[in-house]
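[1] Sequence first, predicted coordinates after that:
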Amino acid sequence: MQAAFKIGFLEITPVDVVDVLLVAFILFQLYRLVRGSLAINIFIGLLMVYVLSLIAAALELTLMSDILGAFIDVGVIAVIIVFQPEIRRFLLYVGRSSDFRKVRFWKALSLRKIRTGEYNQKEVNALTEAIMALSESKTGALIVIPQTSQLGFYQNTGIHLNALITKDLIESIFYKNSPLHDGAMIISEHRIAAVKCILPLSDNPDLPGKLGMRHRSGVGITEQSDATCIIISEENGEISYAREGKLYQQMQKEEIRKLLSRALFHSVN
């Protein structure tokens, strides 16, 4: 292909431009995934080493190019180990955006239309009223709603329930003297699947230092999966929610209702 233009000894074609733009887009998406985590410094360091290796190769610095090249070859395994959570989140992001996910969505749409009628509205109302009651009584709670996975591993850390979603049941589970109040409740297939579940803690250094284990667990599960997590503070009754590793605080009733409607509509069936 004929070069579009030249810069010194470089010949740049339209294919090269497309190639650079695609790589830049992928790198930007990777940066978004690791931003705010401890892995961001490692990501920037590896990127700088790769850029230096390209410069060394272009300038024909043979020894430097060989050393950096060997470092990069060995570094692939290290990247997989260090960036395991981020790679998982990236694959989840790709999976949610893929045509396969869309096919599954449209295939199940007819059933979801039925569930988003009066029955699904009862679930949203029950969850909303329970969350507001727990907030008013300053009762701490963690409620996880998975999207594309039932989070079976985390369900197995708690007690399987498989119960209908009702306001009274949710309040009794998180009641301070209840043996089930510690840990998280996981809602799957439009039922309370498990309670007293143990969630992974977030290591995000950008989270406010005043946040306790409950909030860090809520953020942690959304870093490891595409779930939505509702968090109720035991100190002040504040309602927050986490999604894709980000925490949103001071939620109001109507905001919670809309959030639950979307989460339950897209939840795993």
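    Sure thing, it's come through. Numbering: from 1, shown residues only.
[2] can you list the weak-confidence ranges in the protein?
    1-10, 29-43, 72-76, 78-120, 266-269 (pLDDT under 70).
[3] again, only this time at 80
    Within the chain, the stretches with pLDDT under 80 are 1-17, 26-47, 49-50, 56, 60-61, 63-120, 148-150, 203-206, 209, 265-269.
[4] quick check: longest strand of it.
    strand 191-197 (DSSP state E).
[5] partner strands of it, parallel or antiparallel?
    strand 159-163 (antiparallel), strand 184-188 (antiparallel) (DSSP bridges).
[6] Now that strand: buried residues?
    Residues of strand 191-197 classed as buried: 192-197 (neighbour count, 16 or more other C-beta atoms under 10 Å). Heads up, the C-betas are built off the backbone N, CA and C, glycines and all.
[7] What lies in contact with the helix or strand that comes right after it?
    Under the assignment DSSP states H and E, the closest C-terminal helix or strand after strand 191-197 is helix 213-224. Contacts to helix 213-224, defined as C-beta atoms under 8 Å, 6 or more residues apart in numbering, come from residues 37, 85, 88-89, 140, 142, 144, 151, 154, 184, 199-202, 204, 207, 227-231, 233-234, 240-247.
[8] switch to 6 Å and redo it
    Contact with helix 213-224 is made by 140, 142, 144, 199-202, 227, 229, 231, 242-245, 247, as judged by C-beta atoms under 6 Å, 6 or more residues apart in numbering.
[9] want to try TSV for the strands paired with strand 191-197, with mean neighbour count as columns?
    Converted to TSV, those look like this (neighbours: other C-beta atoms under 10 Å):
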stretch	mean neighbour count
strand 159-163	14
strand 184-188	25
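[10] could you dump those strands to JSON lines with distance to Val15?
    Output for those, formatted as JSON lines (distance: least, C-beta to C-beta, whole Å):
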{"stretch": "strand 159-163", "distance to Val15": "54"}
{"stretch": "strand 184-188", "distance to Val15": "46"}
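[11] on that earlier part again, got the buried residues of strand 191-197 as TSV, with distance to Ala56 columns?
    Shown next, in TSV, are the buried residues of strand 191-197 (distance: C-beta to C-beta, whole Å):
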residue	distance to Ala56
Ile192	58
Ala193	54
Ala194	53
Val195	57
Lys196	55
Cys197	50
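[12] still on that earlier bit, could you tell me the angle between the longest strand of the chain and helix 213-224?
    On the basis of axes from the mean of the first three to the mean of the last three C-alpha atoms, to 10 degrees, strand 191-197 is oriented at 120 degrees to helix 213-224.
[13] Just the residues contacting strand 191-197, thanks.
    Against strand 191-197 from outside (C-beta under 6 Å, 6+ apart): 154-155, 157-163, 165, 173, 180, 182-186.
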